[in-house]
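Engineer: need the 3D shape of this:
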Amino acid sequence: MPRTASRLPLRTTEDAPEAARERLAAAEQRNGYLPNLLRVLANAPVALEAYQTLGAINGRASLSLAEREAVQITAAALHGCGFCVAGHTAIATKQAKLDAVTIEALRAVGRVPDARLAAIARLTGAVIATRGRVPEADLQAFHAAGFDDQAALEVVLGVSLATLCNFANNLGAPPLNAELEPYRWDGPAAAAE
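Structural biologist: Alright, predicted model coming up:
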């Protein structure tokens, strides 16, 4: 059953702290709605700013949009953040144009059919599981898939972004926006919410 309440207040452009209002208004205009993740983050304007700033930096990475979304979906699934899995599934579907089989494999942290995206997902999982102390064999497998050291560090960047939004969502427990309902994820950790 979908959750309707949030553990932390869902701020709006009217009741958010002053330092967050302009950022919320811009996000609402850009998205056509105000994602509940941002409404939670607005409780701490510096957290909202950090998320949006890091997101913009991540958007300039050498990894493609599809590769960046593979990092985000994998990390969100491993962190049990149903909100972020749904949100990044929407981006992967609408903007990155990933196929349904690939997206479902990422959501399940399963066998991804595309070799490059599989390598991204494996390194993402290894970075999270080892706190960055990725075994040499895993890093070499990533390189063998055609990625360089810059890309490996950009996976770490993506994991950093994911950790901020996944953990904020898990702490705040906002309900999924109606716009994201078609992409709902009730994976093992999300189902326990």
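Engineer: mind checking how far the most centrally placed residue in the chain is from residue 106?
Structural biologist: Most central residue of the chain, judged by C-alpha distance to the mean C-alpha position with C-alpha atoms, centre = their mean, is residue 72 at 3.8 Å. The spacing between residue 72 and residue 106, counted by C-beta to C-beta, to the nearest Å, is 9 Å. C-beta coordinates here come from the backbone N, C-alpha and C atoms, glycine included.
Engineer: quick one: end-to-end distance for stretch 58-70.
Structural biologist: Terminal residues of stretch 58-70 lie 13 Å apart, using C-alpha to C-alpha, to the nearest Å.
Engineer: for stretch 106-113, same thing?
Structural biologist: Stretch 106-113 has an end-to-end distance of 10 Å (C-alpha to C-alpha).
Engineer: what residues sit buried inside that stretch?
Structural biologist: 106-107, 109, 112 (16 or more other C-beta atoms under 10 Å).
Engineer: what's in contact with that stretch?
Structural biologist: The contact list for stretch 106-113 (C-beta atoms under 8 Å, 6 or more residues apart in numbering) reads 70, 73-74, 77-78, 85, 89, 92, 98, 101-102, 104-105, 117-118, 121, 125, 185, 187.
Engineer: just the buried ones from those residues, in ChimeraX syntax?
Structural biologist: In ChimeraX syntax, the buried subset of the contacts of stretch 106-113 is picked out as below (16+ other C-beta under 10 Å):
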select :70,73,74,77,78,85,89,92,98,102,105,117,118,121,125,185,187
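Engineer: list the helices and strands the longest helix along the chain packs on?
Structural biologist: The single longest helix within the chain, with elements called by DSSP state H, is helix 149-172. Contact analysis of helix 149-172 by 3 or more C-beta pairs under 8 Å, 6 or more residues apart in numbering; DSSP states H and E lists helix 36-41, helix 45-58, helix 65-78, helix 82-94, helix 115-130, helix 136-144 as its packing neighbours.
Engineer: now tabulate these in CSV and tack on distance to residue 30 and mean pLDDT.
Structural biologist: Rendered in CSV, the data for the helices and strands packed on helix 149-172 read as follows (distance: least, C-beta to C-beta, whole Å; pLDDT from 0 to 100):
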stretch, distance to residue 30, mean pLDDT
helix 36-41, 11, 97
helix 45-58, 10, 98
helix 65-78, 16, 98
helix 82-94, 13, 97
helix 115-130, 26, 98
helix 136-144, 33, 97
